[in-house]
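> give me coordinates for this.
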Amino acid sequence: MREIRSTDAALASRTRVLVLAVIVELAACSSDTSLPIEPACNPLGAGHCMTPWPSSVFEVDDPSSATGRRLAIPEGALPSNADNVAADPAGWNVADGFSPVAPLVMAWKGGVSADGLPPPGRADLSLAADAPTVIFDMTTGARVAHTAELDPQAADQPDAQALILRPLARLIGGHRYAVGITTRVHARDGSDLAVPPGFAALRDHKSTDHALLEAMRPRFGDVLDALETAGFPACNLVVAWDFTVASDELLHRDRVAAHDRALAALDAQPGKLAIASDTPIDDGKLIRRKITGTLEAPLFLTQRGAPNLGTTIARDDVGLPTLQGRYEIPFTAIVPACAYTANDPVAMVIHRHALFGSAAEAASAALQAMAAERCAVIAGTDLRGMAEIDLPAVARMLNDITTADEALDVLEQGLVNHMALDRALRTVLAQQVFVDPAKPTRSLVDPTQVLDDAPASVASYAELLDRSADGPQFRRILAAAYPDPLDVVMALGLFQMRWDRVVAVAP
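Next comes the predicted model:
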C-alpha cells in the first residue's frame, strides 16, 4: 500500500509539471510580440526592409508554378528612389523563385566584422564544422560552398554595409535553401551581433503581430531542423532564413520562345540586306574590305523597336515574347586580305560588342588585327539592351529600378539580332557579298564555320558589372538615385533576376 501511494505521488508530481509547462506554453502563444518592423518589410531583418534577401517571407504557395511557389513582394518593400518613387514589385512577382546566382544579403546596424568570414579564394572554410556562415540545400541535404564579404563600397557607412554571401556555383532551380549566420560572426566592434527580434520569435515559438512572419511560421521549423542536421543548432544562430530558387523552366522560357519564334520567322522569309558601303581600310593590305549596311531581323520590341523610353519586349497572353514583324538592324563586317589567298574558305566570327558599343566596333583596330592573324571575317551588329542606343533606357533604369524591363528584357532582342546576323552570314552574305570579284562563283567564307567571340551567358552579371571598370560609373548613378548603399546592393540583385531570363546559365 505504501508503494502505491508513492507511485501516485510521483504521478501527481509529474502531472503538475506537465500542466505547468502547458500553461506556460499557452501563455506564450496567447501573448503577441509586437515587432518594430513595417508590415511590408522582412520581419527577420535588422534595419533594412528587404534583408535578409532572398527570403521565403516574400513567397507564397502557388500549385500552378513549377516550384509550387510564387514571389509576393508587397508594395513598399522595394527601395524608393531620391524622388520618393517606390519601386513596383509586379515585374519580379511573376517569378516562381529567386535568382540562382544573385548574392545572399544581410546587414546589421553598427556593421559586421570581417574576421573569420570565408574570403574569396577560401570557400573551403564555408564547409568546415565551425564555419561562421552556412548555406544548406534542403532538397538534397548538401552544404553549399560559398564566400562571404562586406560591401567595400560602404566601408565608411557600417549601418548600411551589406554582409554578402556568394555561392561558389549556381544554385539548383526549384530547390529550397536554408541560410544561417552563426554566433561566430561578430559586430564590427567585436561584440555579439544582435539577434533580430523576428528570428527570436520564431526560434522561441513566440507569436507576433507581423502578418508576414506568421505566414512563414508553419514552414520555418523545417529550416531550423535542416540547419541543425547540418551541425548548426538554433542556439548557435544569430539569424536564419530560407528561400526557393526559380525553376529552370521559368528562367529559360523567354529565351527559348524568342529563339524558336525568331527561327521560324527567318525560315519562313529570309531578311532583306542592304549594303551602305564596301571599301578597304587604309591600303587594304591588312583589311581588304570594310562592309556596312542593314539587314532585317525579327522584331519582338514595342514601338517598332525605336530606342525610346518605354520600349520593351512585346508579350502575348501567356507572357512570352511575341513577334511584331521585322525591323532593320545595322551590321559591320571586315574581310582580311588573306581570305583572298587562303587555300580554303575562311571562318566567320560574330563579335559581341562591349557595354554600350555598336555594330561599328567590329571594325576596331584590335579586331582588324585579330581578323588578319586568324584569317577570319568578323561581323557585328547592335546587341540591343547593351548597345549605345540603349544608354537612355539604362540611365532611366538606374534612376528608377521599376523600369528595368526597358533595358534588361530588351536583351532578348539583342540575341535575336545576333541570330539574324548569323543567318545572313551563312546565306546571303556568304553567297553574294563575301566573294572574290575575280572568282565570283567562289565564296571566300565557309558558311558552316560561324563562331562567337564571347559567350552569351554569365554566372552573375550583377557581380561582374559591379566589379568591372564600368562599375563605378553605374554605381554612382544608381547611388545618386538610391543613396543607401544597401539599396544599391539590393538593386543589383533585383537586376540579376531580370538578367536571368536572358542570360541564365544552364544547370
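
> how does this structure divide into domains?
56-246, 250-456 (automatic domain parsing).

> can you add distance to residue 45, mean pLDDT and mean neighbour count and give the ones you listed back as CSV?
C-beta: built from backbone N, CA, C; applies to glycine. Output for these, formatted as CSV (distance: least, Cβ to Cβ, whole Å; pLDDT from 0 to 100; neighbours: other Cβ atoms under 10 Å):
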stretch, distance to residue 45, mean pLDDT, mean neighbour count
domain 56-246, 6, 96, 19
domain 250-456, 19, 95, 18
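
> between the ones you listed, which one is nearest to residue 37?
domain 56-246 (6.2 Å; Cβ to Cβ).

> just the terminal-to-terminal distance for that closest one.
In domain 56-246, first residue to last residue: 12 Å (Cα to Cα, to the nearest Å).

> for the nearest residue to residue 89 once chain neighbours are set aside, what are its contacts?
Of all residues not flanking residue 89 in the chain, residue 73 sits nearest, at 3.8 Å (Cβ to Cβ, 6 or more residues apart in numbering). When contacts are counted by Cβ atoms under 8 Å, 6 or more residues apart in numbering, residue 73 touches 58, 89, 92, 93.

> among those, which are in strands?
Using DSSP state E, no member of the contacts of residue 73 sits in strands.

> nearest to residue 336 among those?
Closest approach between the contacts of residue 73 and residue 336, by Cβ to Cβ: residue 92, at 46.5 Å.

> right, and that closest one touches residue 72 too?
No: using Cβ atoms under 8 Å, residue 92 is not in contact with residue 72, being 9.9 Å away.

> thinking again about what came up before, what about the residue nearest to residue 89, distance to residue 192?
31 Å (Cβ to Cβ, to the nearest Å).

> same question, residue 112
Residue 112 sits 12 Å away from residue 192, going by Cβ to Cβ.

> what touches both of the two?
residue 186.

> let me see the ranges of the strands in the stretch 251-400 of the chain.
Here the stretch 251-400 of the chain has its strands, by DSSP state E, counting those that start in this stretch, at 273-279, 287-298, 326-336, 346-351, 377-381.

> looking at the ones you listed, which is closest to residue 368?
Ranking these by proximity to residue 368 (Cβ to Cβ) places strand 287-298 first, at 5.2 Å.

> what ranges do the helices span in the stretch 1-150 of the chain?
For the stretch 1-150 of the chain, applying DSSP state H, counting those that start in this stretch gives helices covering 2-30.

> same question for the stretch 301-450 of the chain.
So, for the stretch 301-450 of the chain - with DSSP H, counting those that start in this stretch - the helices run 365-374, 391-399, 411-426, 428.

> just to revisit the earlier point, export the strands of the stretch 251-400 of the chain as JSON lines, with columns for distance to residue 306.
Below are those laid out as JSON lines (distance: least, Cβ to Cβ, whole Å):
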{"stretch": "strand 273-279", "distance to residue 306": "19"}
{"stretch": "strand 287-298", "distance to residue 306": "14"}
{"stretch": "strand 326-336", "distance to residue 306": "9"}
{"stretch": "strand 346-351", "distance to residue 306": "24"}
{"stretch": "strand 377-381", "distance to residue 306": "17"}
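
> in the one helix or strand residue 475 maps to, what's buried?
According to DSSP states H and E, residue 475 maps onto helix 471-481. Neighbour counts using 16 or more other Cβ atoms under 10 Å place 474, 475, 478, 479, 481 of helix 471-481 among the buried residues.

> out of these, which is nearest to residue 503?
residue 474 (17.1 Å).

> against residue 85, how distant is the closest one?
Distance from residue 474 to residue 85, by Cβ to Cβ: 19 Å.

> related to what we said a few turns ago, in a markdown table, list the domains of the chain along with distance to residue 40.
Listed next are these as a markdown table, based on distance: least, Cβ to Cβ, whole Å:
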| stretch | distance to residue 40 |
| --- | --- |
| domain 56-246 | 4 |
| domain 250-456 | 16 |
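
> nearest to residue 39, of those domains?
It's domain 56-246; of those, that one is closest to residue 39 (Cβ to Cβ) at 6.4 Å.

> distance from the chain centre to the closest one, please.
16 Å (Cα atoms, centre = their mean, to the nearest Å).

> with stretch 476-484 instead?
20 Å.

> do stretch 36-53 as well
That offset, for stretch 36-53, works out to 21 Å (Cα atoms, centre = their mean).

> buried residues, that stretch. List them.
With burial defined by 16+ other Cβ under 10 Å, the residues of stretch 36-53 counted as buried are 37, 40-53.

> of those, which pair is most distant in space?
Farthest pair in those, by Cβ to Cβ: 40 and 46, 16.3 Å.

> contacts only, for residue 141.
Residues near residue 141 by Cβ under 8 Å, 6+ apart: 226, 229.

> CA atoms of stretch 207-217 as PDB?
Output in PDB follows, covering the C-alpha atoms of stretch 207-217 (Å, rounded to 0.1, in the frame of the first residue of the first chain):
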ATOM      1  CA  SER A 207       3.600  34.700 -31.700                       C
ATOM      2  CA  THR A 208       3.800  38.200 -33.100                       C
ATOM      3  CA  ASP A 209       1.600  40.800 -34.700                       C
ATOM      4  CA  HIS A 210       3.600  40.700 -38.000                       C
ATOM      5  CA  ALA A 211       1.500  39.000 -40.700                       C
ATOM      6  CA  LEU A 212       4.400  38.100 -43.000                       C
ATOM      7  CA  LEU A 213       6.300  36.400 -40.100                       C
ATOM      8  CA  GLU A 214       3.200  34.500 -39.000                       C
ATOM      9  CA  ALA A 215       2.600  33.300 -42.600                       C
ATOM     10  CA  MET A 216       6.100  31.800 -42.800                       C
ATOM     11  CA  ARG A 217       5.900  30.200 -39.300                       C
END
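
> name the residues that touch it?
By Cβ under 8 Å, 6+ apart, the surrounding residues in contact with stretch 207-217 are 28-35, 37, 39-44, 56-58, 60, 74, 198, 201-202.

> now swap in stretch 78-90 and tell me
Residues from elsewhere that reach stretch 78-90 (Cβ under 8 Å, 6+ apart): 49-50, 71, 73-77, 92, 399-402, 480-484, 487, 490-491, 494.

> 10 Å instead, please
Stretch 78-90 has contacts (Cβ atoms under 10 Å, 6 or more residues apart in numbering) with 40, 48-50, 58, 71-77, 92, 398-404, 478-484, 486-488, 490-491, 494.
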